[in-house]
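*Asks:* here is a sequence with its predicted model. Questions after.
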Amino acid sequence: MKGKAACHDELRSFCESVPLVDCHDHSAAAGPKYTDPIAVVTSGYFHSDLLSASSEADMAVLGDASRSLQERWPVLERAWKRTCHTGYAQVTRRVLEHFYDENELTLAALERMSERLLDLSDETTFDRILEEANIAVRLENVQPDPRQVISGAARLAPRSRLVFPAPAYHRVTAHDAVQANVAPLGRRVTTLDEYVDALRELVSAYKAFGAVAIKDQSAYSRSLEYGNPTRAAAEEVFNWFMEDPRRSAAYPDGVRPLDDYLFHALMRIARDLDLPVQIHTGHMAGIRNDIVKTNAAGLTRLIELHRDVRFDLFHANWPYSGDILYLVKNYPNVTIDFCWANIIDPIYCRNLFKQALSAVPHGKVHGYGSDFGGSADRAWAHAQIARDNIAIALSDMVDLGWLGLDEAKEVSRAWLFDNANEFFGLGL
Ligand SMILES: [Zn+2]
C-alpha cells in the first residue's frame, strides 16, 4: 500500500526503522508449528471474514486437515473470492508473499507451501521474525499459572511483558470461582472485603513479577456501562453464593452489582499500584456479537470517577471513531490504542490517524498492537500494515501543509514507540 504524497516513501522508510512497542498480544509461547497450508491462509482473524463469506459447514471442511488439499480447495476458493480484499485478507496475502514467495492463492501455491511450512514453535524462528518486524517488546495478555507468577517462575514468550488479566477476577458468580481465584495466594476468603484485599495482593504480585498494566475484555459478554453500586448491594450477591457453594448467580445481570463493584475495586488497585488499565472497546473477535454494548462511550462514568487511573482504550473503538476521539480529547486519563484495528479496517485507521493528529494530543496515541496468539508471521504482516497506515496518513498531512516532514517523523516515532514506552513505563 502506498500513499500519494511526495514524502510518502521517505516517511515509510523512516517508520520501518522505528522499533515497535506491541501494545497488545496473546502469545503465551512461541508457535504454532503449521502442518496444513490451508491453516496458514485461514488462521487468525481472517477465519471470521471467511466464515462471514461462507458458512459453518464450509469452515468445518476447511479445518478438516484429514481431507486432501484438492478436496478442500474449491471451498476455499469460493470463500476467498468473496473476501480477498479485507484488511484480514491483506495479512494472509502478505504472509503468503513474504514467507512463501506466493503472490496468488491457488491450489498449486498451497501444494508448494506444504513443502516449507513455518515452524514457529521453534523459539529462534519465532524471535527472528519478531526481530525482522522490529518489534522491541510486547504486552502479553496471557494466562500463566498465577502460582508461577507469584513465585517468579512463570515463563513468557520472547520479548514479552505481562499484563494482569482482569475479567475472571470481577465476574465471579460462585463460591468455587472466588476460592480458585485466591487459592494461589494460599488464602481462603469469606467476605467481600477479604476478597478485595486478596485481589490487591494478587495484582501486587503480578506487578512485582513485571506486569505493566491491567487488561480487561469483558465487553465480549457485558455492557461497558459499569454502574457504581453500593458495597451493600455487592455484598448481598457475594454473601448469597458464598454461604452455599451450590449456588450460582446469573451472569451478567444477576451478578451485576458485584461485578461492577469489583471492577471499581480493581480500578482503585490500578491507581494505587500505578498500573494503566487496558480496556477492550469496539469490534469483537469472531462473528455474531452485539457491538452496541462495547462502545467506549459506555465507559464515561467510570473514566469520570477514576481520574487517577490511566485508561488505554483498545481497537480504536472500531467502528465508533467519533466517540473515541471525543474521549481522548476530553479526558486527560484516556489514550487511544490502535491495537488490532490496523487490520480490522486499514482505511478507518488511516482516516482516524489523520483525525487524531488534528483533534487530539498526539502524545496520547498508541499506534500498534498485533493481537494474535503466537503467529509471529501474522504479527510481522500486521506490523507492516500499521506502518503503512501511519506513513500514508501522516504523509498526506504533510502534503496538506499541516506539519513538516521532520515533525511527521517525530509523530510516527511517538505513535509506534515513544508514547507506549513512556505510558507503560517500559524503560526502553
Ligand atoms: Zn486481544
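*Replies:* That came through fine.
*Asks:* domains of the protein?
*Replies:* Using automatic domain parsing, the domain parsing of the chain gives 35-114, 123-423.
*Asks:* out of these, which is the most enclosed?
*Replies:* domain 123-423 (a mean of 20; mean count of other Cβ atoms under 10 Å). For glycine as for every other residue, the C-beta is placed from the backbone atoms N, C-alpha and C.
*Asks:* what about that one, start to end distance?
*Replies:* 29 Å (Cα to Cα, to the nearest Å).
*Asks:* run the chain-centre distance for that domain.
*Replies:* Distance, stretch centre to chain centre, for domain 123-423: 7 Å (Cα atoms, centre = their mean, to the nearest Å).
*Asks:* show me where the stretch 151-300 of the chain has helices.
*Replies:* 167-170, 175-182, 192-209, 231-242, 256-273, 300-305 (DSSP state H, counting those that start in this stretch).
*Asks:* follow-up on the earlier one: let me have the domains of the chain in a markdown table, extended by distance to Ala29.
*Replies:* Output for these, formatted as a markdown table (distance: least, Cβ to Cβ, whole Å):
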| stretch | distance to Ala29 |
| --- | --- |
| domain 35-114 | 16 |
| domain 123-423 | 5 |
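*Asks:* looking at the ones you listed, spot the one closest to Asp25.
*Replies:* domain 123-423 (4.7 Å; Cβ to Cβ).
*Asks:* so for the closest one, mean pLDDT?
*Replies:* For domain 123-423, mean pLDDT is 97.
*Asks:* I'd like the numbering to begin with 56 instead of 1 from here.
*Replies:* That works, and once the first residue is 56, the last one we named lands at domain 178-478.
*Asks:* let me have the helices of the stretch 206-355 of the chain in TSV, extended by distance to Val204.
*Replies:* Formatted as TSV, the helices of the stretch 206-355 of the chain follow (distance: least, Cβ to Cβ, whole Å):
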stretch	distance to Val204
helix 222-225	13
helix 230-237	13
helix 247-264	5
helix 286-297	25
helix 311-328	15
helix 355-360	26
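*Asks:* between the domains of the chain, which one is closest to Ala60.
*Replies:* domain 178-478 (3.8 Å).
*Asks:* quick check, His338 in contact with Ile399.
*Replies:* Yes. At 5.5 Å, His338 and Ile399 qualify as touching, with contact defined as Cβ atoms under 8 Å.
*Asks:* what residues are shared contacts of the two?
*Replies:* Each of His370, Trp373 lies in contact with both His338 and Ile399 under the rule Cβ atoms under 8 Å, 6 or more residues apart in numbering.
*Asks:* and of the domains of the chain, who's closest to Val73?
*Replies:* domain 178-478 (4.7 Å).
*Asks:* what helix or strand is Phe69 on?
*Replies:* Using DSSP states H and E, Phe69 falls within helix 63-72.
*Asks:* in that helix, which residues are buried?
*Replies:* His63, Glu65, Leu66, Arg67, Phe69, Cys70 (16 or more other Cβ atoms under 10 Å).
*Asks:* so which elements touch it?
*Replies:* Where contact means 3 or more Cβ pairs under 8 Å, 6 or more residues apart in numbering; DSSP states H and E, helix 63-72 is packed against helix 431-454, helix 460-468.
*Asks:* residues touching that helix, excluding its own?
*Replies:* Defining contact as Cβ under 8 Å, 6+ apart, one finds that helix 63-72 is touched by 57-58, 60, 189, 442-443, 445-447, 449-450, 453, 460, 463-464, 467, 471.
*Asks:* who are the packing partners of the helix or strand just after it?
*Replies:* Sequence-wise, the next helix or strand downstream of helix 63-72 (DSSP H and E) is strand 75-80. On a contact count with 3+ Cβ pairs under 8 Å, 6+ apart, strand 75-80 meets strand 190-195, helix 431-454, helix 474-478.
*Asks:* remind me what the next helix or strand along the chain from strand 75-80 packs against, helices and strands.
*Replies:* Moving toward the C-terminus from strand 75-80, the next helix or strand (DSSP H and E) is helix 92-97. In terms of contacts (3+ Cβ pairs under 8 Å, 6+ apart), helix 92-97 is packed against helix 111-118, helix 124-138, helix 142-155, helix 162-169.
*Asks:* turn the ones you listed into JSON lines, including mean pLDDT and distance to Asn388.
*Replies:* Shown next, in JSON lines, are the helices and strands packed on helix 92-97 (pLDDT from 0 to 100; distance: least, Cβ to Cβ, whole Å):
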{"stretch": "helix 111-118", "mean pLDDT": "98", "distance to Asn388": "41"}
{"stretch": "helix 124-138", "mean pLDDT": "98", "distance to Asn388": "39"}
{"stretch": "helix 142-155", "mean pLDDT": "98", "distance to Asn388": "30"}
{"stretch": "helix 162-169", "mean pLDDT": "98", "distance to Asn388": "47"}
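*Asks:* now these in CSV, with distance to Ala436?
*Replies:* Below are those laid out as CSV (distance: least, Cβ to Cβ, whole Å):
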stretch, distance to Ala436
helix 111-118, 20
helix 124-138, 16
helix 142-155, 4
helix 162-169, 15
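*Asks:* per-residue confidence at Met56?
*Replies:* Met56 is given a pLDDT of 77.
*Asks:* Ile440 versus that one, what's the distance?
*Replies:* 8 Å (Cβ to Cβ, to the nearest Å).
*Asks:* could you tell me which residues touch both of the two?
*Replies:* In contact with both Met56 and Ile440: Pro401, using Cβ under 8 Å, 6+ apart.
*Asks:* quick one on the thing from earlier: reformat the helices and strands packed on helix 63-72 as CSV; add distance to Leu247.
*Replies:* Listed next are these as CSV, based on distance: least, Cβ to Cβ, whole Å:
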stretch, distance to Leu247
helix 431-454, 40
helix 460-468, 46
